[in-house]
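> Could you work out the structure for the sequence below:
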Amino acid sequence: MAYRFGRTLPQWVEGRFDLLDAAQIEARVEEWTNELKRLQKTSLVTDHAKQQELQKFMADALAHFKRYGPMLRTLRTKGLAARHWRMIGEKLEFVIDPARITLYRLVKLELYDEEKLKTTKQICEIATKEYSLQAALEALEQEMVALEFEFQVQADGETVSVTRLPELISRFEEFYLRVGVLKTNPHIRNFLEKVLELEKTLKSVVELINEWAAFQRNFIYLNGIFVLEEVTKALPAEAKFFLQVQALYTSATQAFQATPQVYRISQRENFLTMLVKNNQECEAIRAGLAGLLERKRGKFPRLFFLSNEELIDIFG
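Just a heads-up that it's a prediction; the model follows:
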């Protein structure tokens, strides 16, 4: 035990403070204290003066070390960052480099003193709350990054579509609300830039997925129609516009498959503008198609009893 004590104590006192585990150290000190009390009553100590001296020295050293327990627990608070050390230094009028802190240095600064420890604890409470906030932000970000697009092939055996879009929209709306709640936290100041960036990304993703859902519906509907030769001959301008729509849809789905993480959709330059424009093109194409069908009905009154889909099937 004396060997373990002599080897370990200098590591605690002079080693890197940021590597110390306060709970583990206190448990070890308590274990050694109890072991010394047990040995004190044995013949190994009572019958040997040198052993008595050693036992007393170690017991006194451990009792003295216990004084630093509250300071050690406090200053090994999770989330205690360089800014918090600066705050402690400003309050207690000292300058210290967090990267070079040792327990010995803290003892020399007498941070175990009750009044100084009271000030330190106040700042460490702030660090704890900020750490919890940071952990919540990181957890949210991890959830966001983990979400990926899923795909299925349409009945034509070629067209790929993105599935579960309503579910994705719901999840990202939930993330957006959670960020909004975190933004109201009184300790958000040091994370505000990251929160605002995350909020912007989430808002963009929701807008993009909503617009993509409309675009995908439009494309799949029109794609089944513009494979018909009679339609493309009757609507050459619309057929030309549809080729542009098809090009965007194909390139986008290929990009989604190559990079399926949903949040990355917000990194596609001008993608929302392109989707809005192409959805407008789809509406114009559908208007042209509706006009064609009305002209067909004008020539054949009996076709007024058929829906657009049934009339298109007849063309097919």
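> Give me the buried stretch members for the helix or strand in which Leu117 is found, please.
Using DSSP states H and E, Leu117 sits within helix 114-146. Using 16 or more other Cβ atoms under 10 Å as the test for burial, helix 114-146 gives 116-117, 120-121, 123-124, 126-128, 130-131, 133-134, 136-137, 140-141, 144. For every residue, glycine as well, the C-beta is placed using N, CA and C.
> Quick check: mean pLDDT of that helix?
Helix 114-146 shows a mean pLDDT of 95.
> who does the helix or strand following that helix pair up with?
Downstream of helix 114-146, the next assigned helix or strand under DSSP H and E is strand 150-153. Strands adjacent to strand 150-153 in the sheet, as given by DSSP bridges, are strand 160-163 (antiparallel).
> Now the following helix or strand past the strand it pairs with: average pLDDT?
Counting by DSSP H and E, the next helix or strand C-terminal to strand 160-163 is helix 165-183. Averaged across helix 165-183, the pLDDT comes to 97.
> now stretch 57-69
Averaging pLDDT along stretch 57-69 gives 87.
> cool, and stretch 195-215?
The pLDDT scores in stretch 195-215 average 97.
> between the helix or strand encompassing Leu192 and helix 114-146, how many degrees?
Using DSSP H and E, Leu192 maps to helix 192-223. Compare the direction of helix 192-223 with that of helix 114-146 by axes from the mean of the first three to the mean of the last three Cα atoms, to 10 degrees and you get 10 degrees.
> tell me which residues in whatever helix or strand comes next after helix 192-223 are buried?
Using DSSP H and E, the next helix or strand after helix 192-223 towards the C-terminus is helix 229-234. Residues of helix 229-234 classed as buried: Val231, Thr232, Ala234 (neighbour count, 16+ other Cβ under 10 Å).
> quick one, what contacts the residue nearest in space to the middle of the chain?
Centre of the chain computed as the mean C-alpha position; nearest residue by Cα atoms, centre = their mean is Glu141, 1.3 Å away. Contact analysis of Glu141 by Cβ atoms under 8 Å, 6 or more residues apart in numbering lists Leu198.
> And Cys282, by the same measure?
When contacts are counted by Cβ under 8 Å, 6+ apart, Cys282 touches Phe215, Asn218, Phe219, Leu222, Val245.
> out of those residues, what pair is the most spread apart?
Maximum pairwise distance among the contacts of Cys282 (Cβ to Cβ): 10.6 Å, between Phe215 and Leu222.
> Please state the offset of stretch 52-59 from the chain centre?
With Cα atoms, centre = their mean, to the nearest Å as the basis, stretch 52-59 stands 52 Å off its chain's centre.
> what residues are up against the closest residue to Glu283 other than its chain neighbours?
Nearest non-adjacent residue to Glu283, counting by Cβ to Cβ, 6 or more residues apart in numbering: Asn218, 7.7 Å away. With contact taken as Cβ under 8 Å, 6+ apart, Asn218 is in contact with Val245, Asn279, Cys282, Glu283, Arg286.
> Do you know the pLDDT at Asn218?
pLDDT recorded at Asn218 is 95.
> what do you get for Val45?
59.
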